[in-house]
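>>> Quick one: sequence and predicted model below, then my questions.
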Amino acid sequence: MLKYTLKRILLLIPTIIGISLFIFLAMEAASGDFVSTLITEEMTDEEVHALRASYGLDKPVLERYVDYMWNLLHGDLGTSYTSRMPVMELFMQKIGNTTMLAVASTIVCILISIPLGIFAARHRGSIFDNISNVLGVLGLSIPNFWLGLMLIVWFSVQRSWLPPGGNDDGILSVILPAITVGTGHTAILMRTTRSAMLDTLRQDYLRTARAKGVSERKVINVHALRNAMIPILSVALTQFAGCFGGAALTETVFGWPGVGKMVVDAVKQRDIPLACGTLIMKCIIISLIGLATDLLYVVVDPRVKTQFASAKRGKRNG
Amino acid sequence: MEKTINATAAVKKEDPEVVLSIKNLTVQFKIEKEIVEAVNDVSIELKKGKTLGLVGETGAGKTTTALAALNLVPNPPGIIKSGEIRVCGKDVLHMKKKELEKVRGYDIAMIFQDPMSSLNPVFTVGYQIAESIRIHNPGMKKEEAFEKAKDMLEVVGIDRARANEYPHQFSGGMKQRVVIAIALACDPQVLIADEPTTALDVTIQAQVMDMMRDLKEKYGTGTIMITHDLGIVAESCDDVAVMYAGRIVEQGTLDEVFNDTRHPYTEGLFNSLPNIKNRAAKLHPIKGLMPDPTNLPKGCAFAPRCKYATDACRERQPSTRHFSETHIVRCTAYDDPDFMIERSRKS
């Protein structure tokens, strides 16, 4: 287990190299650099050149990349061009908000989708199952930014129950963004729960449990759900990890000061150190969530642990 | 030839020795628009400490009958159309859910056919045995129930230290022992063993059968042994009921059914067995297949495969005929007082 964990963490190194190289090359390929956003009409060519040199942007891209990686090796994520603050510090300011949104939307998602998914599976083919199917497709196909705007219109503008944006009202301000992010996820997780439960409900061991006198509620919520948990867990945690990478749109709509919005802004302004540093940090977080997911499987399904053990044994023998 | 006793079943008073009584049970499965007639008018009585063999081909309705005894017929698609089932005198078909949960596993328990899929893969075997003990002893502490579960493992011949292991860490035979331990955890009055050895290889089969016999003697449990293996029946049963297409065609004591076989189908089953005295002899399987249970013939369901079948057999359902107090046969051919199957003529 420990060996596996270390191996997974070591795998982060090539991932980080790949991601940062890709960002550097992609930003190079895009037209214009950071300095071009600063140029004014009165500037002479010399002035522009000097400005570019002051950011080190006159050097070839690979040289800049090697410099950046050298600094990264020493734990330095670089300094943002725009705000002239260390990237790490900027990231730390925003990550709390992103985490809060991720946790809140995942909770919304789990609370709705797992009970509904179980219910749909138990009453397969019923009116409820069909309605939830339709709602699922609807949840998947409604664009996040549109739903976000509509929620603002309904709950902030027309009724002023909830703040329309920002994060100044604590838990109240996270509700609308969390619902917005959670809706699409809810649809997917509900479908996953439904199909995993349908699969499990057919199993013979549920009959064994009923024959023992286990109550129907426990048969479903303990015996069946625990077995359906692996696909549910893997989808839920992938979505949770996704919240760190992909909530930029919702963050923008709600003016939520999170990491997603920061990256979008950084890319727009060609702020390479900020974009690259933030993405590297996100990449580390997502990988760690992935690792945690794998380790959780062992807790949920004891068979996975045996697989780890036998893989190890196989290696020793071979 | 013996006299045929056309006894009209006298209405008997409830016998306290009877732990399981099934009367006129009919179970159907509704699949899309078709109705599968899985069990038709089956009546069985099981006394304390006795073993009843329920014999028949795959699809004869044995397992469905057994599941009905626990009121566990999956619904939908299964419906118990009519009949009465009493476990230790309690009517399991008209019970509240809570009461039913108290009967299942406590008064009546079942050993399922396939040990590979009958255990929950994510719980330890100790937990799965202890769960049953805790349900039926509500005041009991977790640790105490787990200790009892370990005792049960020992009873079925598994080291008690293995209680913390998961089903996938056990072999097939070991899993079947765990399934048996779960069924026996609360000393049930009635035990239904649904082909308990089919999934096991021969050496393990003998071990499991020996163990079950020992346990029966120890606990005095009434057992229904569902099997298609006549060898197992001969070895372990007191009474036998032969099922065909959802009906019991012949039933009686082991001696009556084996040595005074009356029904052509039972004869067919015996003829399908290899003859140990004449190993060169050909097997005589019953020709044809079991009828489609969604479309049973109007008359006797066995008539299309029966070499003695007459027009009368094809026309109407056979009536029940008593050859002794216990020996009951459903066959129209016996309307002819001189009728005998080949097996009876030989002996």
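Everything's here; your move. Since the structure is predicted, the reported quantities are computational estimates derived from the model, not experimental observations.

>>> OK, contacts around residue 291?
Chain wasn't specified; assuming chain A. Contact partners of residue A:291, counting by C-beta atoms under 8 Å, 6 or more residues apart in numbering or on different chains, are A:5, A:8, A:9. Using the backbone N, CA and C atoms, a C-beta is placed for each residue, glycine as well.

>>> hm, I was asking about chain B
With contact set as C-beta under 8 Å, 6+ apart, residue B:291 has these partners: B:245, B:297, B:301, B:304.

>>> what would the residues you listed look like in TSV with secondary structure, neighbour count and distance to chain A?
What follows is these, written out as TSV (DSSP: H, G, I helix; E, B strand; the rest coil; neighbours: other C-beta atoms under 10 Å in any protein chain shown; distance: C-beta to the nearest C-beta, whole Å):
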residue	secondary structure	neighbour count	distance to chain A
B:245	coil	24	24
B:297	coil	16	32
B:301	coil	25	28
B:304	helix	16	33
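
>>> one step back: ok, which of the contacts of residue A:291 also contact chain B?
Subset of the contacts of residue A:291 in contact with chain B: empty, counting by C-beta under 8 Å from any C-beta of the partner chain.

>>> Cross these against helices and list the overlap.
When these are checked against helices using DSSP state H, the ones located there are A:5, A:8, A:9.

>>> and the residue lying closest to residue B:284 once chain neighbours are set aside, how many residues sit next to it?
Counting by C-beta to C-beta, 6 or more residues apart in numbering or on different chains, residue B:284 lies nearest to residue B:271, which is 4.2 Å off, once chain neighbours are set aside. Residue B:271 sits with 14 neighbouring residues when counted by other C-beta atoms under 10 Å in any protein chain shown.

>>> Tell me which residues touch the residue nearest to the spatial centre of chain A, please.
Computing the C-alpha centroid of chain A and ranking residues by C-alpha atoms, centre = their mean puts residue A:242 first, at 2.0 Å. Counting by C-beta under 8 Å, 6+ apart, residue A:242 touches residue A:185.

>>> and the stretch 1-150 of chain B, which of its residues are near chain A?
B:70, B:72, B:97-98, B:101-106, B:109-110, B:112, B:114, B:117-124, B:128, B:131-132, B:135-136.

>>> For ChimeraX, write the selection for the buried entries among the residues you listed.
Applying 16 or more other C-beta atoms under 10 Å in any protein chain shown to those, the buried members can be selected in ChimeraX as follows:
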select /B:70,72,101,102,103,104,105,106,109,110,112,114,117,118,119,120,122,123,124,128,131,132,135,136
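
>>> coming back round to it: roughly how far apart are the residue nearest to residue B:284 and residue B:346?
Here the distance between residue B:271 and residue B:346 works out to 11 Å (C-beta to C-beta, to the nearest Å).

>>> Am I right that residue B:251 is in contact with residue B:239?
Yes: taking contacts as C-beta atoms under 8 Å, residue B:251 lies within contact range of residue B:239: 7.3 Å.

>>> So which of the two has more stuff around it?
In this comparison of residue B:251 against residue B:239, neighbours counted by other C-beta under 10 Å, the higher total goes to residue B:251 at 28 against 23.

>>> what about the helix or strand containing that one, distance to the chain center?
Secondary structure assigned from DSSP states H and E places residue B:251 in strand B:247-253. Shown here is strand B:247-253, whose average C-alpha point lies 12 Å from the average C-alpha point of the whole chain (C-alpha atoms, centre = their mean, to the nearest Å).

>>> Residues contacting stretch B:118-132, please?
With contacts defined as C-beta under 8 Å, 6+ apart, stretch B:118-132 is touched by A:204-205, A:207-209, A:212-214, A:223, A:226-227, A:300-303, B:105, B:112, B:142, B:145-146, B:148-150, B:152-153, B:162-168, B:170, B:175, B:178-179, B:181-182, B:185-186.

>>> which residues touch the residue positioned nearest the centre of chain B?
Relative to the mean C-alpha position of chain B, the nearest C-alpha, by C-alpha atoms, centre = their mean, is the one of residue B:226, at 3.3 Å. Residues counted as contacts of residue B:226 (C-beta under 8 Å, 6+ apart) are B:54, B:62, B:63, B:66, B:192, B:193, B:194, B:195.

>>> same thing but at 10 Å, please
B:52-56, B:60, B:62-63, B:65-66, B:110-111, B:113, B:192-196, B:198, B:232, B:243 (C-beta atoms under 10 Å, 6 or more residues apart in numbering or on different chains).

>>> Off-centre distance for the helix or strand hosting it?
Remark: residue B:226 resides in strand B:222-227, with elements defined by DSSP H and E. Taking the mean of its C-alpha atoms, strand B:222-227 sits 5 Å from the chain's own mean (C-alpha atoms, centre = their mean).

>>> mind listing what's buried in that strand?
Using 16+ other C-beta under 10 Å, the residues of strand B:222-227 that count as buried are B:222, B:223, B:224, B:225, B:226, B:227.

>>> And for stretch B:30-42?
Neighbour counts using 16+ other C-beta under 10 Å place B:35, B:36, B:37, B:38, B:39, B:40, B:41, B:42 of stretch B:30-42 among the buried residues.

>>> Secondary structure added to those, as JSON lines?
Converted to JSON lines, the buried residues of stretch B:30-42 look like this (DSSP: H, G, I helix; E, B strand; the rest coil):
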{"residue": "B:35", "secondary structure": "strand"}
{"residue": "B:36", "secondary structure": "strand"}
{"residue": "B:37", "secondary structure": "strand"}
{"residue": "B:38", "secondary structure": "strand"}
{"residue": "B:39", "secondary structure": "strand"}
{"residue": "B:40", "secondary structure": "strand"}
{"residue": "B:41", "secondary structure": "strand"}
{"residue": "B:42", "secondary structure": "strand"}
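
>>> closest to residue A:95 among those residues?
Within the buried residues of stretch B:30-42, distances to residue A:95 taken as C-beta to C-beta reach their minimum at residue B:36, with 60.3 Å.

>>> nearest spatial neighbour of that closest one, skipping sequence neighbours?
residue B:29 (4.1 Å).

>>> What is the helix or strand harbouring that neighbour packed up against?
Following DSSP H and E, the helix or strand that holds residue B:29 is strand B:18-31. Strand B:18-31 sits against strand B:34-47, helix B:62-69, strand B:78-87, strand B:190-194, strand B:222-227, with contacts defined as 3 or more C-beta pairs under 10 Å, 6 or more residues apart in numbering or on different chains; DSSP states H and E.
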